[in-house]
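Q: Attaching a predicted model along with its sequence, questions to come.
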Amino acid sequence: MTFDYRVADISLHEAGRHQIRLAEHEMPGLMALREEYGESQPLKGARIAGSLHMTVQTAVLIETLIALGAEVRWASCNIFSTQDEAAAAIVVGTGTAEDPRGVPVFAWKGESLEEYWWTAEQILTWPGADENPELGPNMILDDGGDATLLVHKGVEFEAAGGVPQATPDDPEEYRIILDVLRAGQERDPQKWTRIASQLQGVTEETTTGVLRLYQLAEQGKLLFPAINVNDSVTKSKFDNKYGIRHSLPDGINRATDVLIGGKVAVVCGYGDVGKGAAEALRGQGARVIVTEIDPICALQAAMDGYQVARLESVLSEGDIFITTTGGKDIIMAEHMAAMKDKAIVGNVGHFDNEIDMAGLAKWPGVRKIQIKPQVHEWVFPAGPGRDDQPGQNVQPGQNNDGGHNGGARGEHSIIVLSEGRLLNLGNATGHPSFVMSNSFANQTIAQIELWTKRARSDDAQDAPREYEKKVYVLPKILDEKVARLHLAALGVELTELSKDQAAYLGLDVAGPYKSDHYRY
Ligand code: NAI
């Protein structure tokens, strides 16, 4: 069998396979689902377009979806996050490098933005679907919402009479998206509408993608049902927090090998990811300062023992700055220009717009030096005090370089990780398997939910649908199931409610044990 794929180096497949084998041991949730559902094949007929970091852990997810009956095409949801050996192993599957028998994967570490959006198109473009739409994808598994966005934008433009030409004023990435949409539409004028007509639903992995889905649903524009996997407790309270607690210092260490202990680390945002980031940096001996816009999270950070400050107040203190907000324009070029010499700047929020990379590149006289892939030194030229720059909170004559240069400031630099994109995946290999087993068990269960309860062509038009074009979270009993699947591996002894105790609390002995509004 031959199929189309694009990875960096297919010969890496053996190395990838060894890592996948070890990861399986650390992913008891996914392996238990293979055991439970392998025979009944609940995903038979599902053709899943997957857009999620092509790592070793994702490889175990992909092979779980296949073991449950699905067909998949896969791309990464970030230009730097692919582990090339994992991608190669998934393509090869049970075959060989010469005769691959696995999955069409379109992912490699270090894609350009044009290539990235090309890969997104590839997972939605299935062989034969031009003539027969039913051969196209009927499910999306998304992380950050880019695959979902491509379909929605395509449909929107086709409804309006065609994809517009990009204008020079459009942001670069938007121009690229328009080009991809238009090229697809030129081959098939109804391409995106046709794809959307087959889609039964999307399961979304992360906070940022979920936000986009709720916005679409509120505007009445969501084209198919969605399950918000992120807000399963066993996802966001584990992956976002404990995952980052592991993979953030991993990324900083691999990128810079700078001792974190004794340094001042500034963490922007104290949500789930921020909490894990702050704990990890404190665990390494850093003094951590948190910035927040939400009074509840700011108070939490204060009670957890962190200084809470505005970014502008601590620019001259921080040695390491990490954004975790999912928002935009958090660290601007003028902030970076005012930082200590060799301050490290990185982001673990989903998109790269938390750090003003465009403004940095345009800074007068700035130089960019590649230290190694995904690690860049940005050198600011010598000049007067930085009170001459807009948006500064630095007083005339004051400098932030430890007072070495009097009123003026000599040449100084900062280190930016992964060009402002997710550094835990760009500079390291993302979250470890065990925590991803929780996230991906939720993903698998969510795919089963949407696929087995999909709208069927033989349903009466007015038959009530279990899932409408809205955003859902998985029922708590399934969330508890995901946690249960991971207890034995950690030697956890769970206490069982007696019938009497259960009646007293008004619960079922088998769960769920908390109300939907319980916050953990
Ligand atoms: P969250 O909503 O729990 O936390 C974000 C926090 O940032 C909130 O408390 C919010 O009040 C705060 N915030 C927003 N704007 C701010 C500003 N201008 N300054 C300071 N604080 C601000 O979201 P969560 O789950 O922590 O996710 C954050 C981002 O990380 C999202 O983009 C998500 O998709 C991404 N993510 C990344 C992962 C990774 O592996 N790198 C893993 C999981 C999520």
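A: Right, received. Where do you want to start? Numbering: from 1, shown residues only.

Q: Kindly report the residues of the stretch 351-500 of the chain close to the ligand.
A: For the stretch 351-500 of the chain, the contact set with the ligand under Cβ under 6 Å from any ligand atom comprises 422, 424, 431. Where C-beta positions appear, they are placed from N, C-alpha and C, glycine not excepted.

Q: you'd agree the second one is in a helix?
A: Yes - when the secondary structure is assigned by DSSP: H, G, I helix; E, B strand; the rest coil, Asn424 falls within a helix.

Q: Cross-check the contact I'm expecting between it and Gly430.
A: Yes - using Cβ atoms under 8 Å, Asn424 makes contact with Gly430 at a distance of 5.9 Å.

Q: Need the overlap of contacts for these two.
A: Jointly contacting Asn424 and Gly430 under the rule Cβ atoms under 8 Å, 6 or more residues apart in numbering are Ser247.

Q: any chance you could map the helices in the stretch 151-300 of the chain?
A: Using DSSP state H, counting those that start in this stretch, the helices found in the stretch 151-300 of the chain span residues 172-187, 191-198, 207-218, 233-235, 244-256, 272-283, 295-303.

Q: Find the closest residue to the ligand in the stretch 301-450 of the chain.
A: Among the residues of the stretch 301-450 of the chain, Gly326 lies nearest to the ligand; the distance is 3.0 Å by Cβ to the nearest ligand atom.

Q: Repeat that for the chain.
A: As assessed by Cβ to the nearest ligand atom, the ligand sits closest to Gly271 within the chain, at 1.7 Å.

Q: who's in contact with that residue?
A: By Cβ under 8 Å, 6+ apart, Gly271 lies in contact with 207, 240, 297, 324-326.

Q: Counting neighbours, what do you get for Gln198?
A: 17 (other Cβ atoms under 10 Å).

Q: What of the one 10 residues further on?
A: Thr208: 18 surrounding residues under other Cβ under 10 Å.

Q: Just the pLDDT for His404.
A: On pLDDT, His404 comes in at 44.

Q: which residues of this protein score low on pLDDT?
A: Across the chain, the ranges flagged by pLDDT under 70 are 1, 384-407, 456-464.

Q: Which positions in it make contact with the ligand?
A: Counting by Cβ under 6 Å from any ligand atom, the chain sits next to the ligand at 206-208, 236, 239-240, 243-244, 268-274, 291-294, 297, 324-327, 330, 348-350, 422, 424, 431.

Q: what comes up buried for stretch 43-57?
A: Judged by neighbour count using 16 or more other Cβ atoms under 10 Å, the buried positions of stretch 43-57 are 43, 45-57.

Q: Same question for stretch 33-44.
A: Going by neighbour count (16+ other Cβ under 10 Å), the buried part of stretch 33-44 is 33-34, 37, 42-43.

Q: which residues are in contact with that stretch?
A: Counting by Cβ under 8 Å, 6+ apart, 64-65, 67-70, 441, 444-445, 447-448, 451-452, 485 sit against stretch 33-44.

Q: still on that earlier bit, want to throw the contacts of Gly271 into JSON lines with distance to Gly154 and neighbour count?
A: Output for the contacts of Gly271, formatted as JSON lines (distance: Cβ to Cβ, whole Å; neighbours: other Cβ atoms under 10 Å):
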{"residue": "Thr207", "distance to Gly154": "25", "neighbour count": "21"}
{"residue": "Asn240", "distance to Gly154": "30", "neighbour count": "25"}
{"residue": "Cys297", "distance to Gly154": "37", "neighbour count": "17"}
{"residue": "Thr324", "distance to Gly154": "31", "neighbour count": "27"}
{"residue": "Thr325", "distance to Gly154": "29", "neighbour count": "24"}
{"residue": "Gly326", "distance to Gly154": "25", "neighbour count": "21"}
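
Q: so which of the residues you listed comes closest to Asp257?
A: Thr324 (22.1 Å; Cβ to Cβ).

Q: Give me the neighbour count for Ser316.
A: By other Cβ under 10 Å, the burial measure for Ser316, its neighbour count, is 18.

Q: so it makes contact with Asp341?
A: No - taking contacts as Cβ under 8 Å, Ser316 lies outside contact range of Asp341: 10.7 Å.

Q: State the number of residues packed around Glu156.
A: Number of residues near Glu156 (other Cβ under 10 Å) recorded here: 15.

Q: Among the contacts of stretch 33-44, which are located in helices?
A: 64-65, 67, 441, 444-445, 447-448, 451-452 (DSSP state H).

Q: Now list the buried members of those residues.
A: 64-65, 67, 441, 444-445, 447-448, 451.

Q: Would you map the helices across the stretch 1-150 of the chain?
A: 13-25, 28-37, 56-67, 84-92, 113-124, 146-159.

Q: closest one to Pro100 among those?
A: helix 84-92 (4.8 Å).

Q: Tell me the helices and strands packed up against the closest one.
A: helix 13-25, helix 56-67, strand 105-106 (3 or more Cβ pairs under 8 Å, 6 or more residues apart in numbering; DSSP states H and E).

Q: Pro28 contacts His486, doesn't it?
A: Yes - using Cβ under 8 Å, Pro28 makes contact with His486 at a distance of 5.8 Å.

Q: what do those two both touch?
A: Residues touching both Pro28 and His486 (Cβ under 8 Å, 6+ apart): Ser437.

Q: ok so, going back, quick one: the residue of the stretch 301-450 of the chain closest to the ligand is in a strand?
A: No - according to three-state DSSP, Gly326 belongs to no strand; its state is coil.

Q: shouldn't it be in contact with Thr208?
A: Yes - under the criterion of Cβ under 8 Å, Gly326 makes contact with Thr208 at 5.0 Å.

Q: any idea how this protein splits into domains?
A: According to automatic domain parsing, the chain comprises the domains 10-231+431-481, 244-421.

Q: Now distance to Tyr504 too, for those, in JSON lines please.
A: Formatted as JSON lines, those follow (distance: least, Cβ to Cβ, whole Å):
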{"stretch": "domain 10-231+431-481", "distance to Tyr504": "20"}
{"stretch": "domain 244-421", "distance to Tyr504": "31"}
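
Q: which one of those lies closest to His517?
A: The nearest among the domains of the chain, by Cβ to Cβ, is domain 10-231+431-481 at 10.6 Å.

Q: that older thread, buried deepest among the helices of the stretch 1-150 of the chain, which one?
A: helix 84-92 (a mean of 27; mean count of other Cβ atoms under 10 Å).

Q: Spell out the residue ranges of the strands in the stretch 251-400 of the chain.
A: With strands called from DSSP state E, counting those that start in this stretch, the stretch 251-400 of the chain shows them at 264-268, 287-291, 307-308, 320-323, 343-347, 367-372, 375-380.

Q: which residues touch the third one?
A: Contact partners of strand 307-308, identified using Cβ under 8 Å, 6+ apart, comprise 270, 287-292, 298, 301-302.

Q: Just put the residues you listed in TSV and tack on distance to Gln19.
A: What follows is those, written out as TSV (distance: Cβ to Cβ, whole Å):
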residue	distance to Gln19
Tyr270	33
Arg287	36
Val288	32
Ile289	36
Val290	35
Thr291	37
Glu292	37
Ala298	40
Ala301	36
Ala302	41
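
Q: No further questions, thank you.
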